[in-house]
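Asks: Here's my sequence, what's the structure:
(chains A and B)
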2 protein chains.
Amino acid sequence: MQINIQQTHHTIGDFDAIFTYIENLLRDNQGSGELFIFPELFLTGYPLQDLCLQRSFIERYNDFLEKLNALQDKLNPTLLLGGLDYEMDSEGLPLRIRNVIFEFGPKPLEPIYTKKLLPNYDIFDEQKYFSAGSESCIYQFRDKKFGLLICEDMWMSSMHSTDPVKELYELTENEDITLDGVINLSASPFYLGKDKTRLIRASEISTLFCCPFFYTNRVGGEDEILFDGSSFVVNGSSVTHRAKFYQPDILKIEMSKFSPVEKSLRALSDRVNSWESLFKANITKNEQGQYRIPELSDQDCEEILQSLRFGIQEYARKSGFKNFDVALSGGIDSALVLAVMKLSLEEDQNLEAIFMPGFFSATMSYDLSFEMCKKIGVKLTTFPIKFAHSSLRTQYQDVFKDPMEGLCDENIQSRLRGAILYARSNQRNSMVLNTSNKSELSVGYSTLYGDSVGAISPLGDLYKSEVFALSRYINKQYGEIIPVGIIDRPPSAELREDQEDSQSLPEYPVLDTILEGILSYRLSTKNLIEMGLDADEVSKVFKLYTRSEYKRKQFCPIIKIKAKSFGTGYRIPICKKN
Amino acid sequence: MQINIQQTHHTIGDFDAIFTYIENLLRDNQGSGELFIFPELFLTGYPLQDLCLQRSFIERYNDFLEKLNALQDKLNPTLLLGGLDYEMDSEGLPLRIRNVIFEFGPKPLEPIYTKKLLPNYDIFDEQKYFSAGSESCIYQFRDKKFGLLICEDMWMSSMHSTDPVKELYELTENEDITLDGVINLSASPFYLGKDKTRLIRASEISTLFCCPFFYTNRVGGEDEILFDGSSFVVNGSSVTHRAKFYQPDILKIEMSKFSPVEKSLRALSDRVNSWESLFKANITKNEQGQYRIPELSDQDCEEILQSLRFGIQEYARKSGFKNFDVALSGGIDSALVLAVMKLSLEEDQNLEAIFMPGFFSATMSYDLSFEMCKKIGVKLTTFPIKFAHSSLRTQYQDVFKDPMEGLCDENIQSRLRGAILYARSNQRNSMVLNTSNKSELSVGYSTLYGDSVGAISPLGDLYKSEVFALSRYINKQYGEIIPVGIIDRPPSAELREDQEDSQSLPEYPVLDTILEGILSYRLSTKNLIEMGLDADEVSKVFKLYTRSEYKRKQFCPIIKIKAKSFGTGYRIPICKKN
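Replies: Got it, this is the predicted structure:
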């Protein structure tokens, strides 16, 4: 007997495409009599958020389910499909919504298991929308018995009120059932390091039940959140099957070929996915005995690069963009964004760079931008803002009887650039890539409506020191795409004479460590000082961070790379005493 | 015996101010021996969102509680204080957080009741942060017995899994206890029409227990969410005491003066606060038999006006702004914002208007803006954008070898205005008021980084037809602040020759009705067509709405006026098929 893991890739709510996919699968596997398992909420897409409450959406979904059921005479393979099960009230509105596994076999769609653990932390709001299940399910297919789980159900922690794995185990014990496999339908967002933790937990569950663990994940980029696929089968301590990273894939698994697994009860006691461990600050002691965020490994960089490429392309595809624009400044952030975009570019797409020098832009900024674009074959257009800046200065003085100076004079340059970049975007229907990084965003070191503009932010979840690491990695791995001069020069916004980031901020490795501590929520300023970080610097950074919330509220979606990111999962009031 | 309702007004996390408030209250009421009741989460402020997970915040909070406990020898009046009760793990991190009522009497702070119903819909995420209580509480103070509730606990619905009022009632029945009062500590956000529903429910509870119902609400503007106070006492069907709207207040209530209340069990059966009724589309049939959103009454308008004034001033106070800037266009939205701001202005504050005409601005736009500012004594500065627009046009053509035209030429005008407005804001540290309305926002009829800029949006929860109604109300009530010419002229963005809103959108009353249906989530496009709205218009509006999500994601906080608003409580993915 074969199990067939379907690692699928569809747009949220694209019922036509999902219907066609199932129709083709049924046609192509007519008479195979096998079991096909799909990701969590395959039928709708995920995360839906409020969309699952919207009546137009629900009507379209129900029509689609009806159309699916009309296929039933063609059925022979059996499908386990993740989807939503609506319980409606008398007015045709949702009373309860369940996140379920549908069996779609010789019979019409039938919900056979409801997700028990509804994650409700960070980016997850599932308790807002869904009602939890209370029953464990042992699913019999031909002569085999499978325990069913949906995503979060595989985890346990002090944060969760129930433990579905334990409950499933108790059911097998009480009824003296030996499982042939545990099947988990998932829609599990990517972040760096998550895969490793997931494999460890899968192995624990496999050794608890002494059978293979089948994990089906979806592929997709949903605004800021990425699903990387990477579905797998784990048997004991071995990963026996592995699906692709960020690509749809199919795993065909022969049930008779698994080796026996030695029993262990570890899954019942380990607490790997607690809030505490999920969002632990990623700070370690270096060789000099200082607490610092660790450097990214080559593998981290490659995963990040692939994530960014996928995230950008998903947003572009779903929004209908074929053209891309990046504003180059001669600094490392915009150079890295251009490099990532160049590496992501598909054949029918067009990328252009715009360099918009002002009074304080160094000649070197142009030279380096020109060098980079020439090398990678991207058209560079230079649009000086000096003239517009200068005439607005004069007009401002005339009109307001007040010279344009200080922050006012700095920010207008950045906003002029934003306006020109978006003029270009409007003219050629191009997607603007934001160039801010997480360090800047955290301390508000950017101009609202200026360099903070963009459809999506590739670097908004990477600290400045990680921007350097990724740039170096790309140069090492893909040829020297980013001129060394860009990597080596001191960071500057070039909005006034001789401006350098280090004048107003701590050195980046220190800044980034302080930020990692604060943003994890797990380290107070007091803790950071106890760890040896400079008290004045910690206090200054905390103040900058807490006062710049209003800028982050108006920021574009940031491709999520870390456990804790700005965006949907980060909810801090603007106005407060802190 | 007296009960003392404390309708307080403090900034989130302002522990110094809260400490001083309590210290003064204890000193001033030394020996009074009375009961003082405070709002929900009085000790921290609300909503905290992720702030309650942040270790620096928790440390400051715990220090503050310790300081409070050191006051205990001075204690004589008894305080019922809303606050957070942290259960910490071995690392000093929150394991569980409870939303409780602390008794602070002759003894140190002691949690005596935990909120049972944690709202987790719309703007509420309480299940994300808090653990629910399971025990009802009858609180004895001197010879009186009180049932305790926290905010949402007073409601019941099919959406909620428990019914705290019913549980409290069963406890009184089982133990044969007659209550002398039900006390509810609340932090209940304002929206139009909520107060009425709340009073009806309070009366139901009062008649269930045959005793007065004491309701303490907080005052505060938290980014987009407003708390209006309006605390009250209801006895049977009468409102016996009422606190101020948007102002701190104190109600002193003599317990001996309440009339007896006739029993009714209605509170156990009515389902007033269900998801279904909370977010019902506000559409009624008019005299012509058409379904339309109803017109705002004078009382609605007055409530809205006061809410906007309070919301703007709260944001300004907490962010440290004394200056305000409004960009006037000669249209009704910006005129209304200026009028509301003028009516809100405090003595030490400064308001100025900027008119930034472009090639397509009618002379009438200036004349009307000038007329308005002259009448209300606001300085108007004219900053033409024609020169900058024209030179950018020329430069754009030179640089890109492509004429600036269409959307590109339209939007650059709006973005130039945004840049100039923010230059002024940077120069004089002023708060920029956004001028978009809910209709525009819903269909994406505004320029990102252009007219969509601002620190806060006063009109973002008002449909265009409501903008008209509020403008007319202000003119009727406060003198003709807004020139009639502004109210009567056809709406236009004036970004190209002879542009009028009605060319691309349905008439506003129709547009707003369609939007109200869609945004409530409760009416599908099919439903709206069945209600007699034009199928093409419905379909066009739905498309515009669903495609403009990316603009709303980068929008500033909108002062919440309705049950269903854009902002925190509205969560729709940008990328989807819909």
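Asks: which residues of the stretch 101-250 of chain A fall in strands?
Replies: Assigned by DSSP state E, counting those that start in this stretch, the stretch 101-250 of chain A shows strands spanning A:110-114, A:138-141, A:144-150, A:181-185, A:213-216, A:219-222, A:225-228, A:232-235, A:238-242, A:249-254.
Asks: Would you mind finding the most buried of those strands?
Replies: Counting by mean count of other CB atoms under 10 Å in any protein chain shown, strand A:213-216 has the highest mean neighbour count of the strands of the stretch 101-250 of chain A, with a mean of 30. Quick note: C-beta positions are derived from backbone N, CA and C, even for glycine.
Asks: how far is that strand from where the chain is centred?
Replies: Distance, stretch centre to chain centre, for strand A:213-216: 21 Å (CA atoms, centre = their mean, to the nearest Å).
Asks: what's that strand in contact with?
Replies: Residues outside strand A:213-216 that contact it (CB atoms under 8 Å, 6 or more residues apart in numbering or on different chains): A:3, A:5-7, A:37-39, A:181-186, A:198, A:202-203, A:205-206, A:231-235, A:253.
Asks: rerun at 6 Å
Replies: Here strand A:213-216 makes contact (CB atoms under 6 Å, 6 or more residues apart in numbering or on different chains) with A:5, A:37, A:39, A:181-185, A:202, A:205-206, A:231-234.
Asks: Please apply the same query to stretch A:55-71.
Replies: The contact list for stretch A:55-71 (CB under 6 Å, 6+ apart) reads A:Phe15, A:Leu51, A:Pro108, A:Leu109, B:Arg522, B:Leu523, B:Ser524, B:Thr525.
Asks: re earlier: of the contacts of strand A:213-216, closest to A:Ile354?
Replies: Taking CB to CB as the measure, A:Ile354 lies nearest A:Pro39 of those, at 39.6 Å.
Asks: Assign a three-state SS to the closest one, would you?
Replies: State at A:Pro39, reduced to three classes by DSSP: H, G, I helix; E, B strand; the rest coil: coil.
Asks: Quick check: phi and psi at it.
Replies: Per-residue torsions, A:Pro39: phi -70, psi 170 (degrees, to the nearest 10).
Asks: out of everything not next to it in sequence, what's closest to it?
Replies: Leaving aside its sequence neighbours, A:Pro39 sits nearest to A:Arg218 (CB to CB, 6 or more residues apart in numbering or on different chains; 3.7 Å).
Asks: Return the distance of the nearest residue to A:Ser264 once chain neighbours are set aside relative to chain B.
Replies: Spatially, and ignoring its direct neighbours in sequence, A:Ser264 is nearest to A:Thr207 (4.0 Å; CB to CB, 6+ apart). A:Thr207 sits 27 Å away from chain B, going by CB to the nearest CB, to the nearest Å.
Asks: do the same with A:Leu441
Replies: Plainly put, A:Leu441 is 14 Å away from chain B if you go by CB to the nearest CB.
Asks: Domain map for chain A?
Replies: By the assignment in the TED database, chain A contains the domains A:2-279, A:296-505.
Asks: List the contacts of A:Tyr129.
Replies: By CB under 6 Å, 6+ apart, the contact set of A:Tyr129 is A:Cys52, A:Ile97.
Asks: and if you look at the one 3 residues further on?
Replies: Applying CB under 6 Å, 6+ apart, we find A:Ala132 in contact with A:Lys116, A:Leu118.
Asks: switch the cut-off to 8 Å
Replies: Per CB under 8 Å, 6+ apart, neighbours of A:Ala132: A:Thr114, A:Lys115, A:Lys116, A:Leu117, A:Leu118, A:Thr162.
Asks: Adding mean pLDDT, write the domains of chain A out as a markdown table.
Replies: Below are these laid out as a markdown table (pLDDT from 0 to 100):
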| stretch | mean pLDDT |
| --- | --- |
| domain A:2-279 | 93 |
| domain A:296-505 | 96 |
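Asks: So which of those is nearest B:Thr284?
Replies: Evaluated over these, closeness to B:Thr284 peaks at domain A:2-279, with 16.8 Å, by CB to CB.
Asks: what about the closest one, start to end distance?
Replies: Counting by CA to CA, to the nearest Å, you get 38 Å between the two ends of domain A:2-279.
Asks: Find the nearest non-adjacent residue to A:Leu48, please.
Replies: Using CB to CB, 6+ apart, the closest residue to A:Leu48 is A:Ile12 (6.4 Å).
Asks: and if you look at A:Lys322?
Replies: A:Lys322 sits nearest to A:Gln349 (CB to CB, 6+ apart), 5.2 Å away.
Asks: Good, wrapping up.
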